[in-house]
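What follows is a predicted protein model with its sequence.
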Protein chains: 2
Amino acid sequence: MEPFTLYILGCGSAKPSNGHLPSCQVLSLREKQFMIDCGEGAQMQLNKTRLGITRLGHIFITHSHGDHCFGLPGLISTLGLLGRTAELHVHAPADLQPFLDCILQHFCQEMDYEVIFHAVDTKKHQLVYEDRGVEVWSLPLAHRVPCCGYLFKEKPLLPHIRPEMIECYGVPKSQINNIKAGMDWVTEEGEVIPNSRLVRPADAPRSYAYCSDTRYLPRLAEWVKGVNLLYHEATFDEEHVIRAQQTCHSTARQAAQTALDAEAKKLVVGHYSGRIKDENALLAEAQEVFPETVLGREGLSLSIV
Amino acid sequence: MEPFTLYILGCGSAKPSNGHLPSCQVLSLREKQFMIDCGEGAQMQLNKTRLGITRLGHIFITHSHGDHCFGLPGLISTLGLLGRTAELHVHAPADLQPFLDCILQHFCQEMDYEVIFHAVDTKKHQLVYEDRGVEVWSLPLAHRVPCCGYLFKEKPLLPHIRPEMIECYGVPKSQINNIKAGMDWVTEEGEVIPNSRLVRPADAPRSYAYCSDTRYLPRLAEWVKGVNLLYHEATFDEEHVIRAQQTCHSTARQAAQTALDAEAKKLVVGHYSGRIKDENALLAEAQEVFPETVLGREGLSLSIV
């Protein structure tokens, strides 16, 4: 399987606290990188991962709160200084555009590359991007400003060739792609070998969902059903459930409930409030509902399997 | 003497490299803090110093390049989240205002405090701010965009009371401030005790100059004559002197020459290019001309004496 990896660059909330940085992640799949949110310090954090920046083509922003987008000015400028020529696509709610325009107008006039803005309708669950390998779907969230999460779904994969059968029937290498695409094989003697004997079934396509910031939203589980890895904000613990509701955030238990209802394989939580003194208590709270939970932290990478 | 301390929060150049962060400093004097430049990550760095933020009232920005101002959105927003009510003053070249306006309009509508912009004329060496304790003067620099450094000059200090003389002549405590202000003392017997017998001379006022970014500018030395501490950019070494000139930056040797000509007491260099692999070589280059040079680094604090 192609590596499909999540890198957490920042998983704090708005106020810098407990050593966390504001929201930013990079998802790496098939030689491509997708950034999700871009809080202040994103470029420094990206630098630390040694992922490089040439494969970064698309940035998905959830909403126009500073802790999710204040890393854009620095990142965009630095890419210009490094001589980038490839287009950079920013997908975000429409109200981010004036900020982006301001940066481009006042700081980026001499850049050799173009930044292209794509407004995402935060009220609709729809396809917002696709390429050969992946589809990205918006996930309407409930926050204080227009906000959506993103679901990354690997496209159906090709089946695996069975080398012993290929050898047995003398199938030439030139035909391998056709066999993978489903073709039967006809031997020189005219015997038809059904495709199913030549291949093993494809791996199931994998998926990753990023849900931040949002109050607890039961319907979310349907949209991310069976997701391999779910990132869900857990700004508060159950003790602060009222405050969570008031500020349109979730508790760790609520994040876990969504993971459980979605039948996710794994949950990673983040966006911790500065009020949370003991993140392990937050973890315990989530694991009571959904044992396959891990705490997000800066520098953590997770293989999506 | 009142503590007068410089805290270096970032001393790298535009591209994040060698572990440095973009330009940002805090100068602390008499219960007040002044921030100078505000590169990305400023609020996180400030958090690490444990200086607190309530005493921060004025930010001085040298020029509108991202590595000197992209920390403003995050810092200004966070101060709002923390419930600040006191005005925050931003002094900067006029071309920074659209960026600041954009941030305030799109991210700071709900803040309880006001951000007040003061345009600084970067072509004039003039007083841009003063309070009871300090004057701040602009220092016209030569960079690719309008740019000025800042000179912080402590105001003349009061003389020291000589406790033994006060006791000898029975001067009441209520008169101490008058004596400090220069008044003579008349004893009950009518004898006039000249002020000079009651006090020791005041300490010499101290000063700090911040000069970044600029090509080598010989006239700068006159404006910062006798400065206690000079921060001067040293983006390059002498090997890259042509590149320094082309990009309107300085070499370590040029920074040291300015310190020497200014008869500065101490020089601290920074704004290192990513091309500089060995900062100690940069230090050695500067020390050949001006031995009292130190390398700036994140987390360094220097007492200004």
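On my side now, so go ahead. Numbering: from 1, shown residues only, chains lettered A, B, ... in the order given.

Could I get the CA-only coordinates of the helix or strand A:Val90 falls within as PDB?
Applying DSSP states H and E as the criterion places A:Val90 in strand A:88-92. Once non-C-alpha atoms are left out, strand A:88-92 reads as follows in PDB (Å, rounded to 0.1, in the frame of the first residue of the first chain):
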ATOM      1  CA  LEU A  88      -0.800  26.900  -4.700                       C
ATOM      2  CA  HIS A  89      -4.500  26.200  -4.100                       C
ATOM      3  CA  VAL A  90      -6.200  27.500  -0.900                       C
ATOM      4  CA  HIS A  91      -9.700  26.000  -0.200                       C
ATOM      5  CA  ALA A  92     -11.600  27.800   2.500                       C
END
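
Where do the strands of the stretch 51-200 of chain A begin and end?
Applying DSSP state E, counting those that start in this stretch to the stretch 51-200 of chain A gives strands spanning A:56-60, A:88-92, A:115-119, A:127-130, A:134-140, A:148-154, A:160-161, A:185-186, A:192-193, A:199-200.

Given the fourth one, what are its sheet partners and their directions?
Strand pairing for strand A:127-130, determined by DSSP bridges: strand A:134-140 (antiparallel).

got the buried residues for the partner strand?
For strand A:134-140, the buried set under the neighbour-count rule, 16 or more other CB atoms under 10 Å in any protein chain shown, comprises A:134-140. Just so you know, the C-beta spots here come from the backbone N, C-alpha and C atoms, and that holds for glycine as well.

Check stretch A:163-180 too.
A:165-166, A:171, A:179-180.

Mean confidence (pLDDT) on the strand holding A:Val90, please.
Confidence over strand A:88-92 (mean pLDDT, whole number) is 98.

how much does that strand deviate in direction from strand A:148-154?
Strand A:88-92 runs at 130 degrees relative to strand A:148-154, counting by axes from the mean of the first three to the mean of the last three CA atoms, to 10 degrees.

other SSEs contacting strand A:88-92?
strand A:56-60, helix A:72-81, strand A:115-119, strand A:127-130 (3 or more CB pairs under 8 Å, 6 or more residues apart in numbering or on different chains; DSSP states H and E).

now check the longest one, is it near chain B?
Put plainly, it is helix A:72-81. Yes. Under the criterion of CB under 8 Å from any CB of the partner chain, helix A:72-81 makes contact with chain B via A:73-74, A:77-78, A:81.

residues contacting whichever residue of chain A sits closest to chain B?
Minimum separation of chain A from chain B (CB to the nearest CB) falls at A:Cys102, amounting to 3.8 Å. Shown in contact with A:Cys102 (CB atoms under 8 Å, 6 or more residues apart in numbering or on different chains): B:98-99, B:102.

re earlier: okay if I get the strands of the stretch 51-200 of chain A as a markdown table plus distance to B:Ala221?
Listed next are those as a markdown table, based on distance: least, CB to CB, whole Å:
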| stretch | distance to B:Ala221 |
| --- | --- |
| strand A:56-60 | 45 |
| strand A:88-92 | 43 |
| strand A:115-119 | 42 |
| strand A:127-130 | 56 |
| strand A:134-140 | 57 |
| strand A:148-154 | 55 |
| strand A:160-161 | 73 |
| strand A:185-186 | 84 |
| strand A:192-193 | 87 |
| strand A:199-200 | 77 |
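
for those strands, which one ends up most surrounded?
strand A:148-154 (a mean of 24; mean count of other CB atoms under 10 Å in any protein chain shown).

Pairing partners for it, with directions?
If you go by DSSP bridges, strand A:148-154 pairs up with strand A:134-140 (antiparallel), strand A:207-211 (antiparallel).

quick check: mean pLDDT across that strand?
Mean per-residue pLDDT for strand A:148-154: 98.

what does it rub up against?
Applying CB under 8 Å, 6+ apart, the set of residues contacting strand A:148-154 is A:4, A:27, A:29, A:34, A:36, A:60, A:62-63, A:93, A:120, A:122, A:128, A:133-141, A:205-212, A:214, A:220, A:223-224, A:227.

Weed out the non-buried ones from those residues.
Buried among the contacts of strand A:148-154 (16+ other CB under 10 Å): A:4, A:27, A:29, A:34, A:36, A:60, A:62-63, A:93, A:120, A:122, A:128, A:133-141, A:206-212, A:214, A:220, A:223-224, A:227.

Just the angle for the strand holding A:Val90 relative to strand A:115-119, thanks.
Going by the same axes, to 10 degrees, strand A:88-92 makes 20 degrees with strand A:115-119.

follow-up on the earlier one: closest one to B:Glu40 among the helices and strands packed on strand A:88-92?
Of all the helices and strands packed on strand A:88-92, helix A:72-81 sits nearest to B:Glu40, with 4.3 Å by CB to CB.

Now do the buried residues in the closest one.
Here helix A:72-81 shows A:72-80 as buried, counting by 16+ other CB under 10 Å.

What ranges does chain A have for its helices?
Under the criterion DSSP state H, chain A contains helices at A:42-49, A:72-81, A:97-107, A:163-168, A:176-180, A:195-198, A:220-223, A:241-246, A:252-261, A:279-289.

Present those helices as a markdown table; the columns should include mean pLDDT and distance to B:Glu239.
Putting the helices of chain A into a markdown table (pLDDT from 0 to 100; distance: least, CB to CB, whole Å) gives the following:
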| stretch | mean pLDDT | distance to B:Glu239 |
| --- | --- | --- |
| helix A:42-49 | 93 | 25 |
| helix A:72-81 | 96 | 21 |
| helix A:97-107 | 97 | 30 |
| helix A:163-168 | 92 | 57 |
| helix A:176-180 | 93 | 53 |
| helix A:195-198 | 94 | 63 |
| helix A:220-223 | 98 | 57 |
| helix A:241-246 | 96 | 57 |
| helix A:252-261 | 98 | 54 |
| helix A:279-289 | 97 | 48 |
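
how about JSON lines for these, with distance to B:Ala255 added?
JSON lines is the format used below for the helices of chain A (distance: least, CB to CB, whole Å):
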{"stretch": "helix A:42-49", "distance to B:Ala255": "25"}
{"stretch": "helix A:72-81", "distance to B:Ala255": "23"}
{"stretch": "helix A:97-107", "distance to B:Ala255": "26"}
{"stretch": "helix A:163-168", "distance to B:Ala255": "65"}
{"stretch": "helix A:176-180", "distance to B:Ala255": "62"}
{"stretch": "helix A:195-198", "distance to B:Ala255": "71"}
{"stretch": "helix A:220-223", "distance to B:Ala255": "56"}
{"stretch": "helix A:241-246", "distance to B:Ala255": "51"}
{"stretch": "helix A:252-261", "distance to B:Ala255": "52"}
{"stretch": "helix A:279-289", "distance to B:Ala255": "45"}
